[in-house]
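Visitor: Let's see this in three dimensions:
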Amino acid sequence: MGDWTVRVVLGLLLWITLLQTAPAAEADEAAVLLQFKQANADNPALAGWTNGSLPCTNSWPYINCSGAIPSVLTVNLSGLNLTGTIPPLQGLANLQQLDLSNNGFTGEPPNLPPTLQELVLANNQLTGTLPAGLFQTFGLNTPLQLDLSHNRLSGPLPALTYTPPPFKTLNIGWNLLEGSIPDSWSTLLLNNTNIDARMLRLSGTLPPTFTNAPSYMQAGIQLDNNTCLCGPLPNWYFTAGGSSITFGSTGLGSNCSTCSYPAVTLPVHPDWAGLQSLQAAIVTGPSAVTYGLNATWATIMNGTPCHAVDPNCQLCPLGQPPALCGTLMVNTTGPSTYYCNAQGVACKEGRVSVVNVSWSGLVLSQLPSGLSQLMKLQELGFEGITLNNSPNISVWYSLPGLTTLRLSGNTPTVFDTLPAPSAIYPSVFSQLQTLAISNASYSVGGLPESWGLLTNLSNITLRNVAFLGLGPFGLPASWGNMTNLTSLKLDSLRGLSGSMPASWVTGFTNLTTFKLRNVTGINVTSANMTDFLNQTSRLPATGRPGMQGVAFSGLNLTGTLPPVFFQHRGLKELSLADNHLSGNISSSS
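Guide: Sure thing, here's the model as predicted:
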């Protein structure tokens, strides 16, 4: 076989290898990007990033690819209202440009591949220190750009144990970085075209290697508004032209003395407005509760109601000293866990996911519409709260991610109607899993038929609820189709009438708890109860606990006790109180 033939065969083998390798490599990049998407799965901007597709082959939005083997080169997600922490992106092995600016990302700067040439993370809510190895992330090709400005990075500038690459643009301004500039930064300062370090909290003198350099050929070092920088200017400043360094509102050029830092303008956390609207609605309450809420909600603590170090911080309990908030939790296992900075708040990925002020004794002027600004809210606890005015239920229409709602008043509160999905608001409660409402009256309508469309709902509790409108209002037949519902408790409901729907008898295939108490006007027969418990789905089986708790109480039931109640396998709790049943209690078989 001649050399030419060998080269052709080797070329074909290489081409076949490339064809086989390309989809696998691109699938790996897709996995990295889909993990990135998880914290923003409901953001329509990323709807085109889907399982089963590939970022290059299927032209995902905001992604640019290139190469014989298509690979992700640039990701530009600027200004898309993205939140959460930034997961590691080393799996994008050929990434050159990443722009995540003008979003709401929290946590520390991410781990990135060493091929990067441009990284723009400006105008987010990043916290933590400046990583010592961050500059090593960048490849050897120039021009390089790094923009971390307008975040909440804090702590000292790290000492560099390596020679950093030359940047065309390096912007770390408008952060909380503080302390002296290490001498190991001299090379970085001398070999870069444009460095912006304004509005930090730097102090002390400039590093000696930088100050004593014989000449400086670059331009554009900005150190303005570092009040505590002081001491001599670089030697070359007087010979190479003063335009190469600006130092307004610093002490450079004069002797060092005591100084104070200026206020730093930081981006406002996107959830503060919603929390403060709730704080403003408080009329009165127990002093320990109102003091804690005023202390931790009315002022921006460390820039976030969550936590600067722990974006998944835990709820800081109401009534506790405000100083507890933001501290490390004790008696926890695994990674360090902190209380959130604001009382009654828990967070996920740096956004408020829980607001729970239940049983705090608070009196609110109203349910503030500002709650709708908590776009990542999953759980709202408002039990034992007094509302002085009828709440604006349009709040629910702006919280599509809500999974848990607990709402009750110290005294019955009059609402217009129960919120429910409709043609105008199809996403209301679409993610809801737990719904508990008590001490409320509704002037229009009854139990919504459209709740039967809430496929994620697993727990419904309604207690002391009155329906005041013109009926009749019955038990919605569509609810029997709720295949994920495991617990249904209806206690002391007024204004309902009719019989128990057939779908309630045969449906609710995963129900483990069913309690119907003091629901006057609803006619339940002995046959209903017998058929209800005789359904195959009510019996325990592999992977299914079956029915464990049943109550038919206060319904004016008459006749004999159905034997099925005492023969049912798996039943642990039974209440037939306040009826007119007769007969003997059967022994279980």
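
Visitor: In the stretch 351-500 of the chain, where is pLDDT below threshold?
Guide: 389-394, 410-416 (pLDDT under 70).

Visitor: where do the strands sit along it?
Guide: Secondary structure of the stretch 351-500 of the chain by DSSP state E, counting those that start in this stretch: the strands cover 351-356, 363-364, 379-382, 386-387, 404-415, 434-442, 459-467, 487-494, 498-499.

Visitor: Out of the ones you listed, which gets nearest to residue 513?
Guide: Checking the strands of the stretch 351-500 of the chain against residue 513 by Cβ to Cβ gives strand 487-494 as the closest, at 4.2 Å. Heads up, the C-betas are built off the backbone N, CA and C, glycines and all.

Visitor: all helices of the stretch 101-250 of the chain, in order?
Guide: Using DSSP state H, counting those that start in this stretch, the helices assigned to the stretch 101-250 of the chain run over residues 186-190, 208-211.

Visitor: and stretch 197-205, which residues are buried?
Guide: Residues 197, 198, 199, 200, 201, 202, 203, 205 are the ones in stretch 197-205 that count as buried (16 or more other Cβ atoms under 10 Å).

Visitor: Report the mean confidence score over that stretch.
Guide: Model confidence over stretch 197-205, given as mean pLDDT, is 92.

Visitor: Ends of that stretch, what's the gap?
Guide: 15 Å (Cα to Cα, to the nearest Å).

Visitor: Could you find the closest non-adjacent residue to residue 355?
Guide: Once flanking residues are discounted, residue 355 sits nearest to residue 380: 5.6 Å by Cβ to Cβ, 6 or more residues apart in numbering.

Visitor: pretty sure that neighbour contacts residue 396?
Guide: No: Residue 380 lies out of contact with residue 396 (Cβ atoms under 8 Å); the separation is 9.2 Å.

Visitor: beta partners for residue 252?
Guide: Note on residue 252: beta-bridge partners by DSSP bridges are residue 231.

Visitor: Need the overlap of contacts for residue 380 and residue 396.
Guide: By Cβ atoms under 8 Å, 6 or more residues apart in numbering, residue 380 and residue 396 have these common neighbours: 402, 405.

Visitor: could you list every residue that touches residue 506?
Guide: Counting by Cβ under 8 Å, 6+ apart, residue 506 makes contact with 480, 531, 535.

Visitor: If we use 7 Å, what do you get?
Guide: 480, 535 (Cβ atoms under 7 Å, 6 or more residues apart in numbering).

Visitor: Model confidence at it, what's the number?
Guide: Looking at residue 506, the pLDDT reads 90.

Visitor: what's it sitting at in phi/psi?
Guide: Main-chain torsions, residue 506, degrees, to the nearest 10: phi -100, psi -20.

Visitor: From the opening residue of stretch 362-371 to its closing one, how far?
Guide: End-to-end span of stretch 362-371 (Cα to Cα): 16 Å.

Visitor: With stretch 309-319 instead?
Guide: Stretch 309-319 end-to-end distance (Cα to Cα) = 24 Å.

Visitor: Outside of that stretch itself, list whatever touches it.
Guide: Under Cβ under 7 Å, 6+ apart, the answer for stretch 309-319 is 85, 106-107, 127-128, 288-289, 292, 306-307, 324-325, 329, 337-340, 342-350, 354, 356-357, 360.

Visitor: Next: stretch 536-556.
Guide: So stretch 536-556 is in contact with 509, 511-519, 522, 524, 529, 533, 568-580, going by Cβ under 7 Å, 6+ apart.

Visitor: quick revisit: quick one: which of the buried residues of stretch 197-205 sit in strands?
Guide: Counting by DSSP state E, the buried residues of stretch 197-205 place 201, 202, 203 in strands.

Visitor: Can you list the low-confidence ranges for the stretch 51-200 of the chain?
Guide: 139-143.

Visitor: residue boundaries of the strands in it?
Guide: Listed in chain order, the strands of the stretch 51-200 of the chain (DSSP E, counting those that start in this stretch) span 63-66, 71-76, 83-85, 97-99, 104-106, 118-120, 145-147, 154-156, 169-171, 176-179, 195-196.

Visitor: what's the neighbour count on residue 481?
Guide: Applying other Cβ atoms under 10 Å, we find 15 residues neighbouring residue 481.

Visitor: so who does it touch?
Guide: By Cβ under 7 Å, 6+ apart, the contact list for residue 481 reads 452, 503, 507.

Visitor: Any chance of the residues you listed in JSON lines with distance to residue 366 and neighbour count as columns?
Guide: JSON lines is the format used below for the contacts of residue 481 (distance: Cβ to Cβ, whole Å; neighbours: other Cβ atoms under 10 Å):
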{"residue": "452", "distance to residue 366": "30", "neighbour count": "20"}
{"residue": "503", "distance to residue 366": "37", "neighbour count": "17"}
{"residue": "507", "distance to residue 366": "38", "neighbour count": "21"}
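
Visitor: Reformat those residues as CSV; add distance to residue 441.
Guide: CSV is the format used below for those (distance: Cβ to Cβ, whole Å):
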residue, distance to residue 441
452, 23
503, 27
507, 28
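
Visitor: Which of those residues fall in helices?
Guide: Those of those mapping onto helices are residue 503, per DSSP state H.

Visitor: ok, the contacts of residue 481 vs residue 80, which is closest?
Guide: Checking those one by one against residue 80 (Cβ to Cβ), the nearest turns out to be residue 452, at 34.8 Å.

Visitor: can you map out the strands along the stretch 201-350 of the chain?
Guide: For the stretch 201-350 of the chain, strands defined by DSSP E, counting those that start in this stretch occupy the ranges 201-204, 221-222, 228-231, 245-246, 251-252, 282-284, 314-316, 339-343, 345-348.

Visitor: Minimum distance to residue 280: which of the strands of the stretch 351-500 of the chain has it?
Guide: Set against residue 280 and scored by Cβ to Cβ, the strands of the stretch 351-500 of the chain come closest in strand 363-364, at 9.8 Å.
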